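Asks: fold the stuff below for me.
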Amino acid sequence: MRRINVLICITQLELGGAQQGVLYLVKHLDKTKFRVVLVSSPGELANEAIQIRDAKIMLIDSLRREISPASDLKALRELSRIIREEKIDIIHTNSSKAGILGRWAGWWRKVPVIVHTIHGWPFHDYLSSRKKKVYVWLEKQTARITTRLIAVAHANIDKGLREDIGTRDQYQVIRCGIELKKFQSKSARKKVLKEFSIPEDAKVVGMVACFKPQKSPVDFVKVASRVARENPDAYFILVGDGVLRPEIETWIRKYNLEKKFILTGWRHDVSEIMSAFDILAHTSLWEGLPCVFSQAMAKGIPIVATNVDGASEAIVDSLTGYLVLPREVRRMANKINHLLKDEALMEKLGLNAKKYVEPFDIDIMVRKYDELFVRLAKEKISDIN
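Replies: Numbers count the residues shown, from 1 in each chain. Take a look at the predicted model:
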């Protein structure tokens, strides 16, 4: 069997779970079976990407998250050219913009197998009804040219089918994995506490997220203000960066949390920083299923998070953590305060979480994509067998 030419496309190489999972997939797909091409636009992970030796990495500036007719048309043309020049057999798109443009470029070039991974739908309850209708319409039309729709959570499948996007037999769940061994140690705790001048006996509540409206990081600051009233020795670490940073800083000052709240900026040592967390908080308004959940579970950290989309497929309420509704700042703070006052309960929930993390092993993810690509290639491509 000849090697299968696979193009993997994601909108931007920003520092996020989906992007890290894609890079791991690019690195670890069996190169005796696959010749891999990665297409994306530059971001925090671009340097890591270009160091991958056994795959072709192509960064194009025109592939942007924001809607821009001129840039989008240019990206569509560039993707089409790359597909033709690289003789692509399978195109695998990730994220919404790359998912739409990449799949239509693949259809135009008659790529035999078109696979799209849904890391979270672009439509949600916080959009205007008009925008939501446009996004749903685009996904419905593009699903018609898609061979397989991969979801990171069963909730994403249910949401898509409710909007009549694709058919049940098009969908398959493949969890977005993490490197379990990398996240199973908390040995760096003292080092991290020292870096941020946090006392060794302090309790730390952390969150890891891009500072964008979807993640609602200002809600984390509001939660922190309530937690600090009952637990004045608690500290708060927010890992990430983005457009909402000035607003976050304003709220930190408003609540007089400057001495207890650390903004780390973008970090490539998230595993080490999470070693200092006693509790992981997550305030998203919508999600697919964030990798930070499985990262915390691997470390034995209980989670208090908003119950959106696939969250309940990772967090078992009252067993491995607690789930609250989006914007329920007071209830989230109460759950965190409850845990901070009961170390035995924190430890119990953390140990329970470790038992549920195995399905999120990133090598299982790679194996499932490997098997899927080979199976679809044999079904759809005449000269593969």
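Asks: what's the first helix or strand after the lowest-mean-pLDDT helix or strand in the chain?
Replies: Counting by mean pLDDT, DSSP states H and E, the weakest-scoring helix or strand in the chain turns out to be helix 180-183, with a mean of 90. Per DSSP states H and E, the first helix or strand lying C-terminal to helix 180-183 is helix 189-195.
Asks: which elements pack onto that next one?
Replies: helix 270-274 (3 or more C-beta pairs under 8 Å, 6 or more residues apart in numbering; DSSP states H and E). For the C-beta atoms, the positions are set from N, CA and C on the backbone; glycine is no exception.
Asks: can we see that at 10 Å?
Replies: Contacts defined by 3 or more C-beta pairs under 10 Å, 6 or more residues apart in numbering; DSSP states H and E place helix 189-195 against strand 204-208, strand 235-239, strand 261-265, helix 270-274.
Asks: list the buried residues of the least confident helix or strand of the chain.
Replies: Buried residues in helix 180-183, counted by 16 or more other C-beta atoms under 10 Å: Leu180, Phe183.
Asks: ok, and what's touching it?
Replies: For helix 180-183, the surrounding residues in contact (C-beta atoms under 10 Å, 6 or more residues apart in numbering) are 270-272, 274-275, 291-292, 294-301, 354, 357-358, 360-364.
Asks: how about JSON lines for the helices and strands packed on helix 189-195, with mean pLDDT added?
Replies: Converted to JSON lines, the helices and strands packed on helix 189-195 look like this (pLDDT from 0 to 100):
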{"stretch": "strand 204-208", "mean pLDDT": "98"}
{"stretch": "strand 235-239", "mean pLDDT": "98"}
{"stretch": "strand 261-265", "mean pLDDT": "97"}
{"stretch": "helix 270-274", "mean pLDDT": "95"}
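Asks: helices along the stretch 51-200 of the chain, start to end?
Replies: For the stretch 51-200 of the chain, applying DSSP state H, counting those that start in this stretch gives helices covering 69-85, 96-108, 129-143, 154-162, 180-183, 189-195.
Asks: highest average neighbour count across these?
Replies: Burial of these is given as mean neighbour count (mean count of other C-beta atoms under 10 Å); helix 96-108 ranks first at a mean of 23.
Asks: packing partners for that one?
Replies: Checked by 3+ C-beta pairs under 10 Å, 6+ apart, helix 96-108 has strand 4-12, strand 34-41, helix 69-85, strand 90-94, strand 113-118, helix 129-143 packed alongside it.
Asks: and it with strand 90-94, angle?
Replies: Here helix 96-108 points in a direction 160 degrees away from that of strand 90-94 (axes from the mean of the first three to the mean of the last three C-alpha atoms, to 10 degrees).
Asks: tell me how many other residues crowd the nearest residue to Val239 once chain neighbours are set aside.
Replies: Nearest residue to Val239 in three dimensions, chain neighbours excluded: Val208, at 4.4 Å (C-beta to C-beta, 6 or more residues apart in numbering). Neighbours of Val208 under the rule other C-beta atoms under 10 Å: 26.
Asks: cool, and Pro122?
Replies: Look at Pro122: counted by other C-beta under 10 Å, it has 19 neighbours.
Asks: what distance separates the least confident helix or strand of the chain from the centre of its chain?
Replies: Helix 180-183 has its C-alpha centroid displaced from the chain centroid by 17 Å (C-alpha atoms, centre = their mean, to the nearest Å).
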